[in-house]
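1. Quick one, structure for this:
(one chain, ligands or ions: 1)
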Amino acid sequence: MLTVENLTRRFERRVILDRISFTLTPGEVCAVIGANGSGKTTLLRCVVGAERPDGGRVRLDGRPMDETDPEIRAAVACVLDDIDFFPDLSAGEHLDLLAYAHGGRQPGAVDEVIAELGLTEARDQLPSTLSSGQRRRLALASCFVRPHRLLVLDEPEQRLDVEGRDWLARALAREREAGTAVLFASHDADLVAAVADSHLTLGQAEE
Ligand SMILES: Nc1ncnc2c1ncn2[C@@H]1O[C@H](COP(=O)(O)OP(=O)(O)OP(=O)(O)O)[C@@H](O)[C@H]1O
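-> Model (predicted):
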């Protein structure tokens, strides 16, 4: 489903990603692990097309991973470092909008995700008034309320409390059962052990 071939990314003379190749099949959960600065975020950004690699290619079902391609946008849901919200839409309105814009899921899906993520009380709050953990929950929720076949998450456990991390492990296990391919970077060994079918370990960047 997802095919990454010889992905290479340099920043000036430093090679961050050196010909990385892997594939992901439907229902496969792959954890990207490695030390700080090893290139996990860079890899995920290159995979979703947010950053242009210096070499190699990324394909989803044979199509180049181009975030301007409507079929790619319909298939890929991601939470990377850069979480942006509309300042004047409430948490609930964000999720309604995303579900609607991407063709919706089952009726009631937004209510279900809001309840699961403990955002019911915060549903009518604007993003600027949410705590950092609630904003993280809202960003993750925005992936789950819309149809997707590939989920790409950069350290999804960040800022989540114990309950939030438990929810995340259950949610990723459900995604696997539903046949979603998941690529996630993580420093949480427990989460990786609980949900990952495969690992991609990135080494230290070379000088
Ligand atoms: N735009 C950029 N310009 C120059 N160097 C960059 C840029 N973006 C990332 N880097 C460098 O690339 C390396 C990999 O960064 P990246 O954020 O991908 O690491 P990471 O594995 O996600 O780290 P962490 O675990 O700390 O989140 C780092 O050394 C970083 O300084």
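2. contacts, neighbours, all on C-alpha from now
-> Fine.
3. Residues of the protein that sit close to the ligand?
-> Neighbours of the ligand within the chain, by C-alpha under 6 Å from any ligand atom: 11, 16, 35-42.
4. For the closest residue to Asp188 other than its chain neighbours, give its distance to Val29.
-> Leaving aside its sequence neighbours, Asp188 sits nearest to Glu157 (C-alpha to C-alpha, 6 or more residues apart in numbering; 7.3 Å). Per C-alpha to C-alpha, to the nearest Å, Glu157 is found 15 Å from Val29.
5. The residues of the chain next to the ligand in strands, which ones?
-> Counting by DSSP state E, those place 11, 16 in strands.
6. Report the two of the residues of the chain next to the ligand separated the most.
-> Phe11 and Ala35 (17.7 Å; C-alpha to C-alpha).
7. and the residue sitting nearest the centre point of the chain, what is it in contact with?
-> Residue closest to the average C-alpha location in the chain (C-alpha atoms, centre = their mean): Leu153, at 2.2 Å. By C-alpha atoms under 8 Å, 6 or more residues apart in numbering, the contact set of Leu153 is 44, 78-80, 182-185.
8. Quick check: beta-bridge partners of it?
-> Bridge pairing for Leu153 (DSSP bridges) gives the partners Val79, Phe184.
9. so where's this protein uncertain?
-> When residues are selected by pLDDT under 70, those of the chain lie in 82, 104-106, 204-207.
10. where do the helices sit along it?
-> With helices called from DSSP state H, the chain shows them at 40-48, 70-75, 91-101, 109-116, 132-144, 162-177, 189-195.
11. What degree of burial does the residue lying closest to Ala194 once chain neighbours are set aside show, as a neighbour count?
-> Computed as C-alpha to C-alpha, 6+ apart, the closest residue to Ala194 that is not its neighbour in sequence is Ala169, at 6.9 Å. Neighbour count of Ala169, defined by other C-alpha atoms under 10 Å: 19.
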